[in-house]
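Asks: Sequence first, predicted model second:
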Amino acid sequence: MTVASSSPDTAGKTSRPGVGRGFRADIEGLRAIAIGLVVAYHAGVPGVTGGFVGVDVFFVLSGFLITGMLVDEVARTGSISISGFYARRIRRLLPQSTLVLLSTAAASLVLLDPLARSALAHDVGWAALYGANWNYATQLTDYMASGVAKSPLLHFWSLGVEEQFYLIWPVLALCVLAVLRRVGSRSLDESRCRRWFTAALLLVTFVSLSLSVLTTSESGPWAYYGLHTRAWELAAGGLLALGRARWPSIRAWVRGAAGWLGMAAVLVSAVAITPQTAFPGVAAVLPVGGTVLLVFAGSGPGVRVSGLLANPVLGYIGRVSYAWYLWHWPCLVLLDALPDEPGSRSWLWTLAVVATSLVLAVATGAVVENPVRHSTWLARVRRRSLLLGVVLTLVSVLAGGALGTQSRHAAQEQTVTDGAQAMTPQEADADKVTGLSGCHVGFGATTVAPAADCTFGDPQGDYRVALIGDSHAEHWFPALERVAEQRHWSLTLWTKDTCPAIDAHVWVDVYKRPYPECDRWQDSLYEQLRRSEHFDLLVVGASWKYVSHLMDGDRRLYAADTVEAAWAADTLATLPRLTAVADRVVLLRDGPRAPSNVPRCLSEHDDDPAACAFTRAGHVHLDEVLYAATKDALADYGRAAPAARPRVQVVDPTPLICGINGTCPVVTPAGLIIYRDDSHLTQTFSTSIGKRFADLMGAG
């Protein structure tokens, strides 16, 4: 599940009175609704499955208020002061965000292990430079990093989107003004400026919304976190601001109806949209449209929804919403890292953490935000604010660098044994096979490389082995490669992330969509198998996750009670293709899955690696449903093809990892760390058990 949040980062005031231009108490209330949805979602409040749409509410509000400020400045001065704009942004945003960045980094020294601190240091640097959105998009796309969802700074992604928009929009507005001056008189007509600004934002909206709709189902994290797919939401607010002059001519009852419709749209979004919804894309139109209607509705008297939003309680929460947004997620993540069963806190604990974050937000507003934001000394000379921005950014970047250096040194000094082959948790974290381009492929790939490019060991060897499947098959490659080199076997590898070699349709969580790239890769795999020389042994591996990620031909997720029959049918359909190209086929069960990231656990318990060992119960044979389905498929296949059935068997690798006493260690007696995360083996460990694995496969 991808975690989402947003940043209510603008004031509820514009520069001069008028229709929609004075203080908007209803906007403060709307901010309170938005931050409430975000906090409720992050706190796990039942039913608020789409609370992350608070981000969309904030984007629209930010676009509305910032555009209103820029347009009013043009009306007053005939231009836009970029330095003045950023001086105001710095005083409003940077002191609070810097405080949270530094506080989070400092707290991590006590609450996080060295490996987690090292990852956080990387995030601090990106957040300080307002590039957190691209940082997390890259991590999730390249590595499908489950740990990203627990980064204490994940919520800074939306600040990145907003600040990148603020960097572009004033410059674009200045370009529009320059064009107007060249094609017309030097004196700018306000209505003419509004028309041109409207045209510019309509273009941004069209391009960005089109990209969002077209790429949400294809680009996953890039679509979710990207400025290019989110800009239309801020532009929608901007278009709303540009149309303020026409609002008085619209009847009050129309605005009233729009307000209630908008509130319904936002609230329905929060409960109807789920983390499995392809988002933003078309789904984002509902909360964005609802927010637009709410802002429009609150523009005149006698509109009851604006009265509800303008009540003092919501107004106060709205005023501290930016600070609350900044604090709530680090508090939830870091305090959950405390001992005593992290991740299993009671609702009272969560409520206390949320309340703590609100207290911090209130204190931050009183001690940091208001004194800096309203400082006449800073406001009097613009370069003072700009210099403050440079200093605060530099401090955050340096803090991230210092945290990273300290964490790397701490991780490098850790060993889990005094044995000659000891590994550090940091080494285990990075200990994966490299140099398999085209043979083990990522999510975007749809073809397999020719056999000649993916054959290892002795290509001319008399005994031919192939290993196919997903990344849980690929992590056994070092084991087979060691034996292939020793015994002069020919070893071919074809694997793909989250894609089984069984002809099944798969759902990808991080992209929130079906996985057609897997379908095409499977077709390419079967074609390469057909073209290859006959194999003596074909090993097929798959993760347990397909228990909940299997889809039917219409790309709908199977219900839990139908997965077994579906996997059995898919396996039965695939078996003839496999037995046609190999003398023996081994269907490999998935290995044990640790309860948490093993290198990080060892980093926290480097003096007691046994603390990270886990019991077999609940962590072994998570693929039981798939195993039962595979046995059913083999029975049916045996009846249909009696001669082929004896050449297919299911093998369980669990004994290579877990002992017979019910415990699964994560470190070998020689000091080798078994896992590089919670389920993938380290290359070093896999290599070390090559002979045992080959014997278990009955190879040779």
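Replies: The structure has been received and is ready for your questions. What you see is a predicted model; the values in this text were computed from it and never measured.

Asks: give me the number of residues near Val282?
Replies: Residues near Val282, counting by other Cβ atoms under 10 Å, number 14. For the C-beta atoms, the positions are set from N, CA and C on the backbone; glycine is no exception.

Asks: right, I mislabeled it, should have said Arg555
Replies: Neighbours around Arg555, by other Cβ under 10 Å: 12.

Asks: wait, isn't it in contact with His505?
Replies: Yes - look at Arg555 against His505 with Cβ atoms under 8 Å: they come within range, at 6.6 Å.

Asks: Please identify every residue contacting each of the two.
Replies: Residues touching both Arg555 and His505 (Cβ atoms under 8 Å, 6 or more residues apart in numbering): Pro514.

Asks: next one: the lowest-mean-pLDDT helix or strand in the chain to chain centre, how far?
Replies: For the chain, using mean pLDDT, DSSP states H and E, the weakest element among its helices and strands is helix 132-143, scoring a mean of 82. Once both centres are worked out by Cα atoms, centre = their mean, to the nearest Å, helix 132-143 turns out to sit 7 Å from its chain's centre.

Asks: Likewise for stretch 256-275?
Replies: Taking mean C-alpha positions (Cα atoms, centre = their mean), stretch 256-275 and its chain are 25 Å apart.

Asks: same deal with stretch 281-300?
Replies: 25 Å.

Asks: change the start of the numbering to 12 and stick with it
Replies: Sounds good: first residue 12 from here, last item stretch 292-311.

Asks: In which helix or strand does His239 reside?
Replies: His239 is part of helix 238-253, with elements assigned from DSSP states H and E.

Asks: what about Thr445, how many neighbours?
Replies: When neighbours are counted by other Cβ under 10 Å, Thr445 registers 8.

Asks: What distance do you get for it to Ala681?
Replies: According to Cβ to Cβ, to the nearest Å, Thr445 and Ala681 sit 23 Å apart.

Asks: OK, contacts around the residue nearest to Asp67 when sequence neighbours are not counted?
Replies: Spatially, and ignoring its direct neighbours in sequence, Asp67 is nearest to Pro298 (4.2 Å; Cβ to Cβ, 6 or more residues apart in numbering). Shown in contact with Pro298 (Cβ under 8 Å, 6+ apart): Val64, Asp67, Val68, Ala276, Val277, Ser280, Ala281, Ile284.

Asks: Please repeat the previous calculation with a cut-off of 10 Å.
Replies: Residues in contact with Pro298 (Cβ atoms under 10 Å, 6 or more residues apart in numbering) are 45, 48, 61, 63-68, 70-71, 244, 273, 276-281, 284, 290-291.

Asks: Let me see the mean pLDDT of stretch 502-521.
Replies: For stretch 502-521, mean pLDDT rounds to 93.

Asks: err, stretch 659-672, not the other one
Replies: Mean per-residue pLDDT for stretch 659-672: 91.

Asks: That one: which residues count as buried?
Replies: Val659, Pro664, Leu667, Ile668, Cys669 (16 or more other Cβ atoms under 10 Å).

Asks: Same question for stretch 82-89.
Replies: Counting neighbours by 16+ other Cβ under 10 Å, one finds that the buried residues in stretch 82-89 are Val82, Asp83, Glu84, Val85.

Asks: so how far is the first residue of stretch 606-625 from its last?
Replies: End-to-end distance for stretch 606-625: 7 Å, by Cα to Cα, to the nearest Å.

Asks: now it, how far from the chain's geometric center?
Replies: 25 Å.

Asks: Pull out the buried residues from stretch 34-52.
Replies: By neighbour count with 16+ other Cβ under 10 Å, stretch 34-52 contains the buried residues 35-52.

Asks: From those residues, which land in helices?
Replies: 36-52 (DSSP state H).

Asks: follow-up on the earlier one: what's the farthest-apart pair in the buried residues of stretch 659-672?
Replies: Distance extremes for these: the farthest pair is Val659 and Cys669 at 25.1 Å, using Cβ to Cβ.

Asks: Which parts of the stretch 212-361 of the chain are helices?
Replies: Assigned by DSSP state H, counting those that start in this stretch, the helices in the stretch 212-361 of the chain fall at 232-236, 238-253, 263-283, 296-308, 315-320, 323-330, 332-347, 358-375.

Asks: Report the residue ranges of every domain in the protein.
Replies: Per the record, the chain has its domains at 36-108+169-218+240-400, 447-708, by automatic domain parsing.

Asks: before we move on, back to that, CSV for the helices of the stretch 212-361 of the chain, including distance to Pro527 and mean pLDDT?
Replies: Formatted as CSV, the helices of the stretch 212-361 of the chain follow (distance: least, Cβ to Cβ, whole Å; pLDDT from 0 to 100):
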stretch, distance to Pro527, mean pLDDT
helix 232-236, 16, 91
helix 238-253, 20, 96
helix 263-283, 26, 93
helix 296-308, 24, 96
helix 315-320, 43, 85
helix 323-330, 43, 94
helix 332-347, 34, 94
helix 358-375, 39, 94
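
Asks: Can you get me a residue count around Thr285?
Replies: Thr285: 13 neighbours (other Cβ under 10 Å).

Asks: Test my guess that it contacts Thr60.
Replies: Yes - applying Cβ atoms under 10 Å as the test, Thr285 and Thr60 come out as touching, 4.3 Å apart.

Asks: Quick one: end-to-end length of stretch 149-163, please.
Replies: Across stretch 149-163, first to last residue, Cα to Cα, it's 17 Å.

Asks: quick one, helices of the stretch 612-711 of the chain?
Replies: 635-651, 694-699, 701-708.

Asks: Format the CA atom coordinates belonging to the longest one as CSV.
Replies: Coordinates of the C-alpha atoms in helix 635-651 are reproduced here as CSV (Å, rounded to 0.1, in the frame of the first residue of the first chain):
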residue,chain,number,x,y,z
GLU,A,635,-0.2,-23.4,1.2
VAL,A,636,-3.1,-22.5,-1.0
LEU,A,637,-0.9,-22.6,-4.1
TYR,A,638,0.7,-25.8,-3.0
ALA,A,639,-2.7,-27.5,-2.6
ALA,A,640,-3.7,-26.2,-6.0
THR,A,641,-0.4,-27.5,-7.6
LYS,A,642,-1.0,-30.9,-6.1
ASP,A,643,-4.5,-31.0,-7.6
ALA,A,644,-3.1,-29.9,-11.0
LEU,A,645,-0.5,-32.6,-10.9
ALA,A,646,-3.1,-35.2,-10.1
ASP,A,647,-5.3,-34.1,-13.0
TYR,A,648,-2.2,-34.0,-15.2
GLY,A,649,-1.2,-37.5,-14.2
ARG,A,650,-4.5,-38.8,-15.3
ALA,A,651,-4.4,-36.9,-18.6
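
Asks: can you pull the buried residues of it?
Replies: Val636, Leu637, Tyr638, Ala640, Thr641, Asp643, Ala644, Leu645, Asp647, Tyr648.

Asks: Stretch 89-100 too?
Replies: Within stretch 89-100, the residues that qualify as buried are Ile91, Gly95, Phe96, Tyr97, Ala98, Arg99, Arg100, counting by 16+ other Cβ under 10 Å.
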